[in-house]
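Trainee: what follows is a predicted structure for the sequence shown.
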Amino acid sequence: MNALTQNAEAFPGSALEMLRLHGEESFQSLGLPSKKQESWRFTPLNRLGDLDAPLPQTGSPRLEGLLIPEAHRLVFSNGRLNERLSNIEALPSGCRISSILEIAQDPEAEEIIGDLLPPQTGAFQALNSARFDHGALIVLEAGTRLEGPIHLIHHCDTEEAALYPRNLIMLKARAEATIIEHFVSTGPMIRMPLAELHLGAGADLHFLRLQDEADKARHLGFVAIALERDSKAEFLSLALGADLFRLELETTLRSRGAEASLSGLHLGRGAAHGEHLVRVEHQAPDCSSHQLFRSILSDSSRGVFTGRIVVAPGAQGTDANQSSKSLLLSDRAVAFNNPQLEIDADDVRCTHGSTVGELDEEALFYLRARGIGKEEARALLMLAFAGEVLQSIGVEDLKTRLEERLIRRFHGATAR
């Protein structure tokens, strides 16, 4: 697996070294955000912890129950590429997967890294740019259709660490792929991942982001997607763990006919705090975007969804819709749903809907009248609520495992 050889030192003057230097300068200039900034007013920044916690020693990840048999796989263990557990031997000729540190072997990728989320975008984007030292570079050449998903596993089994992974993904014209990024941890670490996704004309990407961190972990993620003419992106974020979770998702439809379907599910328990912040910008005519976000909150957890649709001048024929719903299982749980529209074109169709509520008592009565116990009936209703999001998972084995896991968790949630 020579293509996976990991070199932790960037050569002076390289694109990675310049990005790191720019990131450090931007972070020092911007400083940490505060609640005085509108986009951070809900986030409990006091939970962040030590952003300078040292990189842990290489661990021995236990991946039982995580692996997808048919997947091409990269495994990162405590911030380092694990070649023994990775498997990219059966890739077609038009697909390249390597460590992000090998980007110098691909001049086109090297030229665009940092374009979608430059360091000056925000303090934590800058911090990732300054400190990232692991992640994936994925490039599909024009017309390449990848059989089987790509599975990126980020595993951490240390108590304290600050990890900054970074991905650059390029699907050129008419390329097709399914990518699953999976974050797993066992302790109260902090992870701050960043991903840039470029879709060429007619490309088709299905991307599942599975955040399954430990209950005391902190996870602040950043994803940017750029879509060219007639390309399609289906993006799903599942947030199942972490004491503090926040994902910023920026999607830009650059050319006519682009389509983005964005969905997310956040499960909160204990005193956990979770946020999805989504911004979709329609820059070209005849594009469509669809947002579907759900949260299920128990105990004293909090969930935040902020979704902004921006329609630029000249983006006629835009079709954009947004739906956000929160299900509260406790009178101490709190949800904030903030839909936003900014429209500078007149021939558009833009809609949004937002609700916060409890389990449907009539539906619960209906199930119990048919001999289903109260706890099981509640769990089934929660799974149906989450199922609106889960139905977009195209890997059936993974979808089944997630549904089984969620039903077990929902049984536990009903007892709280």
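Mentor: That came through fine. Numbering: from 1, shown residues only.
Trainee: in the stretch 301-416 of the chain, where is pLDDT below threshold?
Mentor: Within the stretch 301-416 of the chain, the ranges that satisfy pLDDT under 70 run 413-416.
Trainee: so which residues of it form helices?
Mentor: All helices of the stretch 301-416 of the chain, identified by DSSP state H, counting those that start in this stretch, fall at 361-369, 374-390, 396-414.
Trainee: which of these is buried the deepest?
Mentor: Burial of these is given as mean neighbour count (mean count of other Cβ atoms under 10 Å); helix 374-390 ranks first at a mean of 17. Placement of C-beta: from N, CA and C, glycine included.
Trainee: list the contacts of the most centrally placed residue in the chain.
Mentor: Taking Cα atoms, centre = their mean, the centroid of the chain lies closest to residue 209, which sits 4.3 Å from it. Counting by Cβ atoms under 8 Å, 6 or more residues apart in numbering, residue 209 touches 181, 221, 223, 235-238, 247.
Trainee: switch the cut-off to 10 Å
Mentor: By Cβ atoms under 10 Å, 6 or more residues apart in numbering, the contact list for residue 209 reads 152, 179-183, 193, 195, 221, 223, 235-239, 247, 249, 264.
Trainee: contacting residues for the nearest residue to residue 351 once chain neighbours are set aside?
Mentor: Counting by Cβ to Cβ, 6 or more residues apart in numbering, residue 351 lies nearest to residue 321, which is 4.7 Å off, once chain neighbours are set aside. The contact partners of residue 321, by Cβ under 10 Å, 6+ apart, come to 288-292, 309, 349-353.
Trainee: inside strands: which ones of those?
Mentor: Of the positions in the contacts of residue 321, 288-292, 309, 349-353 sit in strands, assigned by DSSP state E.
Trainee: any chance of the contacts of residue 321 in JSON lines with neighbour count and distance to residue 132 as columns?
Mentor: JSON lines is the format used below for the contacts of residue 321 (neighbours: other Cβ atoms under 10 Å; distance: Cβ to Cβ, whole Å):
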{"residue": "288", "neighbour count": "18", "distance to residue 132": "33"}
{"residue": "289", "neighbour count": "25", "distance to residue 132": "29"}
{"residue": "290", "neighbour count": "16", "distance to residue 132": "31"}
{"residue": "291", "neighbour count": "26", "distance to residue 132": "28"}
{"residue": "292", "neighbour count": "19", "distance to residue 132": "30"}
{"residue": "309", "neighbour count": "24", "distance to residue 132": "30"}
{"residue": "349", "neighbour count": "10", "distance to residue 132": "39"}
{"residue": "350", "neighbour count": "17", "distance to residue 132": "36"}
{"residue": "351", "neighbour count": "12", "distance to residue 132": "38"}
{"residue": "352", "neighbour count": "16", "distance to residue 132": "34"}
{"residue": "353", "neighbour count": "11", "distance to residue 132": "37"}
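Trainee: TSV for those residues, including distance to residue 16?
Mentor: What follows is these, written out as TSV (distance: Cβ to Cβ, whole Å):
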residue	distance to residue 16
288	36
289	32
290	35
291	33
292	36
309	34
349	43
350	40
351	43
352	40
353	43
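Trainee: on that earlier part again, tell me the pLDDT of the residue nearest to the centre of the chain.
Mentor: With respect to pLDDT, residue 209 scores 98.
Trainee: who's it bridged to?
Mentor: residue 181, residue 237 (DSSP bridges).
Trainee: and stretch 270-286, how far out from the chain's middle?
Mentor: Centroid separation for stretch 270-286 versus its chain: 11 Å, with Cα atoms, centre = their mean, to the nearest Å.
Trainee: how long is it from one end to the other?
Mentor: 44 Å (Cα to Cα, to the nearest Å).
Trainee: buried residues of it, list them for me.
Mentor: Residues of stretch 270-286 classed as buried: 272-286 (neighbour count, 16 or more other Cβ atoms under 10 Å).
Trainee: identify the farthest-apart pair in these.
Mentor: Pairwise distances across the buried residues of stretch 270-286 peak at 41.2 Å for 272 and 285 (criterion: Cβ to Cβ).
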